[in-house]
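Enquirer: what's the 3D shape of this:
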Amino acid sequence: MRKGKLYFRYGTMGSAKTAILLATAYNFEERNLSFLCLKPIVDTREATSVIRSRIGIERPCEWIYADTNVYELAQEKHEALGGIIDWYLVDEAQFLTEAQVDQFARIVDDFGSNVICYGLRTDFQSHLFEGSRRLFELADTIDEIKSTCNCGHKTIINARIDANGDFVSKGAQVEIGGDERYVAVCRKCWRNKRIEQAQRQSLFK
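Expert: Predicted coordinates:
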């Protein structure tokens, strides 16, 4: 009986999550293990279905739409290949729906496949994403991919910034962007920066 696992590997923006996923895919390819890379379509920065790291490496992937049933997708892939896919590598897993995380868990339990989900823990307001919350609830193994704030502490917050570099406190939970829109900081720097902004704004009232 095959025994798979559901993994959640999370970190802030810029912590090399995608690069690690792509390196893992390369390793599987070298070892002739069957795998499938997937990514929610919420991340619309790419015109084609690819997973691309900030360091410039990329790999084709399957897009996951809001209404995609990933369990049924896995069944179709297994039938087409005539066997079980060993590993599923999922980028931007915070954008999965709760139902899709449940479906990935079922892929692990029913087929014995391994599913590794890479993503953010929280949004720019420090609140959990739907997909991340469900992964924390269901994952067999949870690993943090750590990165360092400019002050030397561990990054925790994915702060959204405006054109002036100030932290944004309001807006939609999902807003796709890179270094021009987000900066990863520790909790202390996030708090201090917001206090500084509030004090500055009060001076001009």
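Enquirer: report the buried residues of the longest helix seen in the chain.
Expert: Identified as the longest helix of the chain according to DSSP state H is helix 187-203. By 16 or more other CB atoms under 10 Å, the buried positions in helix 187-203 come out as C189, W190, K193. Where C-beta positions appear, they are placed from N, C-alpha and C, glycine not excepted.
Enquirer: of those residues, closest to C61?
Expert: Of all these, W190 has the smallest distance to C61: 31.6 Å, by CB to CB.
Enquirer: neighbours around the closest residue to that closest one other than its chain neighbours, how many?
Expert: Distances taken as CB to CB, 6 or more residues apart in numbering place I157 nearest to W190, at 4.3 Å, with adjacent residues excluded. Neighbours of I157 under the rule other CB atoms under 10 Å: 26.
Enquirer: I'd say I157 and T12 touch.
Expert: Yes. Contact criterion CB atoms under 8 Å: I157 and T12 qualify, at 7.2 Å.
Enquirer: return every residue with contacts to both of those two.
Expert: Taking CB atoms under 8 Å, 6 or more residues apart in numbering as the contact rule, I157 and T12 both touch A184.
Enquirer: just the terminal-to-terminal distance for stretch 113-129.
Expert: Taking CA to CA, to the nearest Å, the first and last residues of stretch 113-129 lie 25 Å apart.
Enquirer: for it, buried residues please.
Expert: For stretch 113-129, a neighbour-count test (16+ other CB under 10 Å) marks 113-124, 129 as buried.
Enquirer: need the max-distance pair from these.
Expert: Spatial extent of the buried residues of stretch 113-129 (CB to CB) is set by the pair S113 and F124 at 33.0 Å.
Enquirer: name the residues linked to the residue most central in space within the chain by a beta bridge.
Expert: Central residue of the chain (CA atoms, centre = their mean): G119, 1.8 Å from the mean position. Beta-bridge pairing of G119 under DSSP bridges involves Y10.
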